[in-house]
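# Next come a sequence and a model predicted from it.
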Number of protein chains: 2
Amino acid sequence: MSSDSTPNLSILEIVQQCNSMPSADILISTGNYYRFLFDDSVIGIVSSADIAALETACSQQETSRYPVVFEFNHLEKTLRFSAALSNSESRSDAVAELLARMRAEDSWASLAKWRNELYPIYAPTGDTNRVVAMVERASSYNFGIRTYGVHINGIVSGSDGVQRMWVGKRAATKQTWPGYLDQIVAGGIGNGMGVRESVIKECYEEGGIPESISQGARAAGTIQYFTRSVLGLQPETQYVYDLELPLDFVPKPTDGEVEEFYLWTIDQVVDNVRRNLFKPNCALCIIDFLIRRGYLTPENEPDYIEIIQNIHSALPFPGPK
Amino acid sequence: MSSDSTPNLSILEIVQQCNSMPSADILISTGNYYRFLFDDSVIGIVSSADIAALETACSQQETSRYPVVFEFNHLEKTLRFSAALSNSESRSDAVAELLARMRAEDSWASLAKWRNELYPIYAPTGDTNRVVAMVERASSYNFGIRTYGVHINGIVSGSDGVQRMWVGKRAATKQTWPGYLDQIVAGGIGNGMGVRESVIKECYEEGGIPESISQGARAAGTIQYFTRSVLGLQPETQYVYDLELPLDFVPKPTDGEVEEFYLWTIDQVVDNVRRNLFKPNCALCIIDFLIRRGYLTPENEPDYIEIIQNIHSALPFPGPK
């Protein structure tokens, strides 16, 4: 325990707090979840409680343009889009209309945090129609679909040879993880945006980083984990970027999502990771950085192999191709 | 196809050639494999043919110090160390004696390539006796146990701003993958050696790299895959290191394992990877480097996410702690 009694966890414990869910197969075997299927591939996983609320909402669709949106099979515990919805556009439209009503009726609590961002559900590899549907971000946790984002490590290489990292403190008003520590910039990829495009956009919106600087962001891999937050299930992939920032650059909170930025040594960052003060997936991204850059090694970290496995979990749902 | 008709494969195809085996559970479900168990944890996977030869050899142990080495259960298709062997030393001794005879009698073809290197079999996490046994490296493919090694990327940052990589060509006399391209230095971790110790040792033995240079090797993570070579099953973890080499350093083959070294641009390296001229796990290590260093990106590599998943496969056997 550190002096102020904040818990000091091992890096593996921090990683497992984020990659906390067992495999989809194990969840299904509990009997409390439904498979969300497309072409017999699992594209999501939905709790029985959410299925019940969804079915109730679907039963009130008579007057809608889309009287049947989903097919429920309670014997096999599966959810499918209605076969009457034959393409990505009609499925997206039908779900949008249904979710808008479910939001108004408070059918799924998560819909109170409506984002106005559409997230893609990908079809199995080889399917010619790659996007099954686009759905409101707030519903992704209920459908248990794979989601994607970008996380950017903002690095400063000091003239003293010491590497530092910019860390953001999330605003107290954030919908998720208020007050927790964060990367300098991170965000979900919605609305059909490209990965690099998202990096440039989030850098500007979250950190006031102009494109002249953010264009130097370098792709460094992905992290993947299957987590559950207060909102629901999240099988997530984050594209990881490192961005070397000029010594004299100071990030500015521009969209109110960040309260303050700190420039910390790697030791300070690690200390705060282990005190559990970072948003869990940001901690994962930092730990990936520590491994790639040789701060964590097989010599100084007994759980080295297990940590790396946990930040690269296989997610058994189709992804972008 | 390139001009000399060598196949030009995608990076994902190259990666899947190495990470080629389905999960241990799927192998077991074919009915052609036995689980190798310790304390009810799977520590390896053995083909039915290898089990038959092993049982025959075990039946001729009467005059040995260890009359019973293994217990076979053909109904449950499991292999276990005899309960009479109560510690790591007795299990290691008994297996060594048994394998020596099996080598003389040509019971397992792989034993012809005897290495005189002992590889550890790890006990499940939490077991106080962490090493179940040490076994001859040549038998690891038959027991289907997890193995460990180090792979080192030898990098030269040119004064022209261009990064180059040293590549070795394996000697025509190598027991495995003769004539294939390789990292500047790579090797298995045997005989209870530490990871960093193995890096220093292999750098000297394989590339003539003095410790004054090799001590600069920087840990950069691991790659994991489940492959099958002519020798048998290999669920393997490689500790990955990057080593920046001085501009004027030229590696020297010292132990006859490397025929020649080349200093190539990253483009030349990628071209040879895609022409399938690298030893498969070396290609994986290079691809990991290309991802970490931003040569492969979500923009220029359509299979980005799947490639990263394939170089970080979960291996369902216990590892070092």
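Yep, that arrived.

# SS state for the residue of chain A most remote from its centre?
What lies farthest from the middle of chain A is residue A:160; by Cα atoms, centre = their mean that is 35.5 Å. Look at residue A:160: counting by DSSP: H, G, I helix; E, B strand; the rest coil, its state is coil.

# Next: the one 4 residues further on.
Following three-state DSSP, we place residue A:164 in the strand state.

# Now for it, how many residues are close by?
By other Cβ atoms under 10 Å in any protein chain shown, the residues close to residue A:164 number 20. Where C-beta positions appear, they are placed from N, C-alpha and C, glycine not excepted.

# Please determine how far whichever residue of the stretch 51-200 of chain A sits closest to chain B is located from residue B:311.
Using Cβ to the nearest Cβ, the single residue of the stretch 51-200 of chain A nearest to chain B is residue A:195, 4.0 Å away. According to Cβ to Cβ, to the nearest Å, residue A:195 stands 19 Å off from residue B:311.

# Mind checking which of the two has more residues around it?
Between residue A:195 and residue B:311, counted using other Cβ under 10 Å, the more crowded position is residue B:311 (25 against 19).

# Pretty sure residue A:255 sits against residue A:205.
Yes: with contact defined as Cβ atoms under 8 Å, residue A:255 reaches residue A:205; the gap is 4.9 Å.

# Go ahead and confirm residue A:102 touches residue A:56.
No: applying Cβ under 8 Å, one finds residue A:102 not in contact with residue A:56, separated by 9.2 Å.

# Residue numbers of chain A in contact with chain B?
A:194-196, A:218-222, A:224, A:237, A:239, A:291-294, A:296-299, A:302-306, A:308-309, A:312-315, A:319-321 (Cβ under 8 Å from any Cβ of the partner chain).

# So which of those are in helices?
A:195-196, A:291-292, A:304-306, A:308-309 (DSSP state H).

# and which of those residues is nearest chain B?
Nearest to chain B out of those is residue A:195 (Cβ to the nearest Cβ; 4.0 Å).

# Which parts of chain A belong to which domain?
What automatic domain parsing lists as the domains of chain A is A:24-143, A:148-311.

# circling back: residue A:102 and residue A:56 - which one has more neighbours?
Shown here are residue A:102 and residue A:56; by other Cβ under 10 Å, residue A:102 has more neighbours (23 against 12).

# what helix or strand is the more buried one on?
With secondary structure defined by DSSP states H and E, residue A:102 is part of helix A:88-104.

# Not counting its own residues, what contacts that helix?
A:53-54, A:57-58, A:60-61, A:64-66, A:69, A:81-82, A:85, A:107-108, A:111-112, A:114, A:118, A:129, A:131-136, A:138-139 (Cβ atoms under 8 Å, 6 or more residues apart in numbering or on different chains).

# immediately after that helix, which helix or strand?
Helices and strands here follow DSSP H and E; after helix A:88-104, the next one along the chain is strand A:118-122.

# got the CA coordinates for that following strand in CSV?
Once non-C-alpha atoms are left out, strand A:118-122 reads as follows in CSV (Å, rounded to 0.1, in the frame of the first residue of the first chain):
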residue,chain,number,x,y,z
LEU,A,118,-23.1,5.2,-35.4
TYR,A,119,-20.9,2.2,-34.9
PRO,A,120,-20.6,-0.5,-37.5
ILE,A,121,-21.4,-4.2,-37.0
TYR,A,122,-19.1,-6.1,-39.3
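
# between the helix or strand hosting residue A:284 and helix A:304-311, what angle do the directions make?
Residue A:284 belongs to helix A:280-292 when assigned by DSSP H and E. Calculated by axes from the mean of the first three to the mean of the last three Cα atoms, to 10 degrees, helix A:280-292 forms an angle of 140 degrees with helix A:304-311.

# Show me the contact partners of helix A:280-292.
A:11, A:14-15, A:17-19, A:151, A:153, A:165, A:180-183, A:186, A:220-221, A:223, A:225, A:227, A:236, A:238, A:240, A:242, A:266, A:269-270, A:273, A:278, A:295-296, A:304, A:307-308, A:311, B:219-221, B:292.
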